[in-house]
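1. Output the structure for:
(one chain, ligands or ions: 1)
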Amino acid sequence: MADQFAASMASVEPGSVPALRWEEPPEGPVLVVLDQRRLPAEEVGLVCTDVPALVDAVRTLAVRGAPLLGIAGAYGVALAAVRGFDVVEAAELLAHARPTAVNLAYGVRRALGAYEEALKDGSGPAQAAAAALAEARALHREDAEASARMAEHGLALLEELVPGGGFRVLTHCNTGALVSGGEGTALAVASAAHRAGRLRRLWVDETRPLLQGARLTAYEAARAGMAYTLLADNAAGSLFAAGEVDAVLIGADRIAADGSVANKVGSYPLAVLARYHHVPFLVVAPVTTVDLGTPTGSEIEVEQRPGHEITEFTVVPPGAGAEPGTGVPVAPLGTQAYNPAFDVTPPELVTAVVTENGVVSPVTRAGLAELCGRSRRGSGSEPA
Ligand SMILES: CSC[C@H]1O[C@H](OP(=O)(O)O)[C@H](O)[C@@H]1O
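-> So this is what the prediction gives:
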């Protein structure tokens, strides 16, 4: 199965990488996720035959990125239902696999809701499982559509904010097709600018400690043929000082009702740099990442990850395992490490939030609520 998936990857158009796919082999349905821990060296599919396997893939960031976590969570509920596992228990495990990205709980709730609704309407377990799968597929499609519309709105905003020559855009972490049913969020805007011949340079923060930028954004940018340059996170300040950045484009894991943005750690310092250097700081996220149930940024739970991600340098070589703690120590044994996966940027440092329903700038509670209100499926959601 994994080989088939890898083989299918080879034929994938540059820039559009299937980050996950539902498969129905004779031995029973599975969710195959592209193991992002092994990129860029290997394109290997991780075959999840049950929910614990998917939960482990989420926790170890084999599958990652807010919108994709929502899609994976929804398929996970469907997997539990079609394989006759305890669906409510599976939903609980999935929704709490990682705390910060609101999309995960949202996707789980979407599929669980469809399953329970079907049972309430008198359907049997098989039909209810089919309803959960249909909802996961719907969420997958919706996210792809949202990605395309975010790219349109984001490109139009860049044209407005950065008139004249091409854009030199700095991005952090990874926000492309690897986090989405489509081409992603912030990186989808950069891809649209690239296709329009307007992307002069994509500055790619390596994004310590898990190097999503160096490993994943560089991989996606190279496949798409973008003009990109990788930099150490610490070097971003000197790029701003040299006047080399026209705009910052980042994604989000949870946007609170007041417009506070939780995103990969290192986003907040970029917002401060952008403000000091009068550079637009743009957050690109679907409305499913806006959580009107969380009033302010101080209520967002920021995931604290294991210290070995900081004290060891871990790159999964081809064919090797991806077990935690298999890295090369870069600090003395026993070193304590502070390793928040995200930080929170206050709304006053965000120039605009770009969603599939449009742009809000400045970022206000009312503006966000209005954008979310335009959605068919409603906005963000209370955590499951
Ligand atoms: C647009 S979702 C991508 C978002 O998720 C990343 O976090 P992680 O790699 O830990 O899943 C990062 O915050 C990105 O901005």
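2. What is the burial count for the residue of the stretch 201-350 of the chain found nearest the ligand?
-> As assessed by Cβ to the nearest ligand atom, the ligand sits closest to residue 251 within the stretch 201-350 of the chain, at 2.7 Å. For glycine as for every other residue, the C-beta is placed from the backbone atoms N, C-alpha and C. Counted with other Cβ atoms under 10 Å, the neighbours of residue 251 add up to 31.
3. residues contacting it?
-> Residues in contact with residue 251, defined by Cβ atoms under 8 Å, 6 or more residues apart in numbering, are 65-66, 173, 175, 179, 184-186, 263-264, 283-285.
4. now do residue 206
-> Residues in contact with residue 206 (Cβ under 8 Å, 6+ apart) are 213, 214, 230, 231, 232, 233.
5. Kindly recompute the last result at 10 Å.
-> 172-173, 212-215, 217-218, 230-235, 266 (Cβ atoms under 10 Å, 6 or more residues apart in numbering).
6. Near the residue nearest to it when sequence neighbours are not counted, how many other residues are there?
-> Residue nearest to residue 206 in three dimensions, not counting chain neighbours: residue 214, with 4.1 Å by Cβ to Cβ, 6 or more residues apart in numbering. A total of 20 residues lie near residue 214 under the criterion other Cβ under 10 Å.
7. wait, isn't residue 214 in contact with residue 229?
-> No. With contacts counted by Cβ atoms under 10 Å, residue 214 stays clear of residue 229, the gap being 11.4 Å.
8. Report the set of residues contacting both of those two.
-> The contact lists of residue 214 and residue 229 share residue 204, where a contact means Cβ under 10 Å, 6+ apart.
9. Point out where the stretch 251-384 of the chain drops to low pLDDT.
-> The stretch 251-384 of the chain contains residues with pLDDT under 70 at 320-325, 375-384.
10. Name the residues of the host helix or strand of residue 160 that come out as buried.
-> Element membership of residue 160, judged by DSSP states H and E, is helix 125-161. Residues of helix 125-161 classed as buried: 128-133, 135-137, 139-140, 142-144, 146-147, 149-151, 153-155, 157-158, 161 (neighbour count, 16 or more other Cβ atoms under 10 Å).
11. quick revisit: for the residue of the stretch 201-350 of the chain closest to the ligand, which non-adjacent residue is closest in space?
-> Residue 251 sits nearest to residue 175 (Cβ to Cβ, 6+ apart), 3.7 Å away.
12. how deep is that neighbour tucked in, by neighbour count?
-> Other residues near residue 175 come to 34 when the count uses other Cβ under 10 Å.
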